[in-house]
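Q: make a model of this:
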Amino acid sequence: MPYDIRRNYRGKSGYSVVGPDGKNHGTHPTRTAAIEQQRALYAAEAQANKLWNGIITGVQYKQQPQED
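A: Just a heads-up that it's a prediction; the model follows:
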């Protein structure tokens, strides 16, 4: 998901990290701090995708014993 950095977003003073849905994920006094949060969001998203893909591809099904 793309995150933008916008200055004085919706009247907030500073640099905001904004998602594609317009949600403000945080406002920072410096652009550097906003970039750090943006990187953290991308890293968390990548980690979640990696974990999710591991769950999907790592599932092994066992045959249930049949009752006589």
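Q: can you give me the strands for this protein?
A: For the chain, strands defined by DSSP state E occupy the ranges 4-7, 15-18, 24-28.
Q: can I get the second one in PDB, CA atoms only?
A: Read that as strand 15-18. Taking Å, rounded to 0.1, in the frame of the first residue of the first chain, the C-alpha atoms of strand 15-18 are listed here in PDB:
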ATOM      1  CA  TYR A  15       4.600  16.200   8.000                       C
ATOM      2  CA  SER A  16       1.900  13.500   7.900                       C
ATOM      3  CA  VAL A  17       2.200  10.000   6.700                       C
ATOM      4  CA  VAL A  18      -1.000   9.400   4.700                       C
END
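Q: spatially nearest residue to the residue nearest in space to the middle of the chain, not counting backbone neighbours?
A: Taking Cα atoms, centre = their mean, the centroid of the chain lies closest to Glu45, which sits 3.5 Å from it. Nearest residue to Glu45 in three dimensions, chain neighbours excluded: Met1, at 6.4 Å (Cβ to Cβ, 6 or more residues apart in numbering). (Each C-beta comes from the backbone N, C-alpha and C, glycine too.)
Q: so who does the one you found touch?
A: Met1 makes contact with 19-20, 45, according to Cβ atoms under 8 Å, 6 or more residues apart in numbering.
Q: show only the entries of these found in helices.
A: Here DSSP state H is the test, and those give Glu45 as lying in helices.
Q: got JSON lines for the contacts of Met1, with pLDDT and distance to Ile35 too?
A: Shown next, in JSON lines, are the contacts of Met1 (pLDDT from 0 to 100; distance: Cβ to Cβ, whole Å):
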{"residue": "Gly19", "pLDDT": "95", "distance to Ile35": "15"}
{"residue": "Pro20", "pLDDT": "93", "distance to Ile35": "18"}
{"residue": "Glu45", "pLDDT": "88", "distance to Ile35": "16"}
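Q: sweet, I'm off.
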